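>>> here is a sequence together with a model predicted from it:
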Amino acid sequence: MGIEISIKAGADAATSSVSASGSVQHIITDKERKTFDIEDSGLKSAVGKYFGKKPNDAYLHSPTPWDDLYKTYGWSEVQTILDVKSAKITGITSEPVIVATKKFVNSSSKKATFDASISDQVTNTTESNWSQTDTIDVGQKITYDVSFLGAGGGGETSMSYSHSWGQGGSESKSITVGSAQE
């Protein structure tokens, strides 16, 4: 399915909203095994409780020695499931700036009308910060949509994604802003 995130950024948190949904599921990686603290002794104890006898070895996914036990016995490999539980806007930082200026000088003695069109490239950046330090890998579709006052962007990305909580991430999008007076 993938994960979808939609952010509508207003002037402040009260006029902004975020929604997120979806899930990602895949066979557990060795990095995730460390993240979830699934050590050999605990894994072997859990398998022992289930089967009634503690094994000498235990594996979470293929390949395994001895003709790949998961394929031999038709077992399902252990899966990591990442579900979106909530999303919230914790704050908005906005710094108004003058994008561009134009000066018109009428050096003649006659009245004149000037074109006052003005535009420039600006970049909006969104940033996320996380509150734990762990790692998980995602290798599926993430769809995002970000709206800023009158502008925005979004898309769909298929990627291999590894995120360590506790590290921030950001995404920037350049747009042309301006107005025309005639």
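Ah, there it is. Every value quoted in this text rests on a predicted model; they were computed, and no experiment measured them. Numbers count the residues shown, from 1 in each chain.
>>> all helices for the chain, in order.
Applying DSSP state H to the chain gives helices spanning 30-35, 40-51, 65-73.
>>> which one of those helices has the lowest average pLDDT?
Lowest mean pLDDT of the helices of the chain: helix 30-35, a mean of 84.
>>> packing partners of it?
strand 135-138 (3 or more C-beta pairs under 8 Å, 6 or more residues apart in numbering; DSSP states H and E). Every residue, glycine included, has its C-beta placed from N, CA and C.
>>> still on that earlier bit, most tightly packed of the helices of the chain?
Burial of those is given as mean neighbour count (mean count of other C-beta atoms under 10 Å); helix 30-35 ranks first at a mean of 15.
>>> for that one, list the C-alpha coordinates in CSV.
Output of helix 30-35 as CSV, limited to C-alpha atoms (Å, rounded to 0.1, in the frame of the first residue of the first chain):
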residue,chain,number,x,y,z
ASP,A,30,19.1,-7.8,10.2
LYS,A,31,19.2,-4.1,11.0
GLU,A,32,15.6,-4.1,12.2
ARG,A,33,16.4,-7.2,14.3
LYS,A,34,18.9,-5.1,16.2
THR,A,35,16.4,-2.1,16.3
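>>> closest one to Glu4 among the helices of the chain?
Smallest distance to Glu4 across these (C-beta to C-beta): 22.2 Å, for helix 30-35.
>>> and the helices of the chain: which comes nearest Ser109?
Between Ser109 and the helices of the chain, the tightest spacing by C-beta to C-beta is seen for helix 30-35, at 76.0 Å.
>>> can you list phi and psi of the closest residue to Leu43 other than its chain neighbours for me?
For Leu43, ignoring the flanking residues on the chain, the nearest one in space by C-beta to C-beta, 6 or more residues apart in numbering is Ala58 at 4.6 Å. Recorded main-chain torsions at Ala58 are phi -150, psi 140, according to degrees, to the nearest 10.
>>> that concludes my questions; thank you for your assistance.
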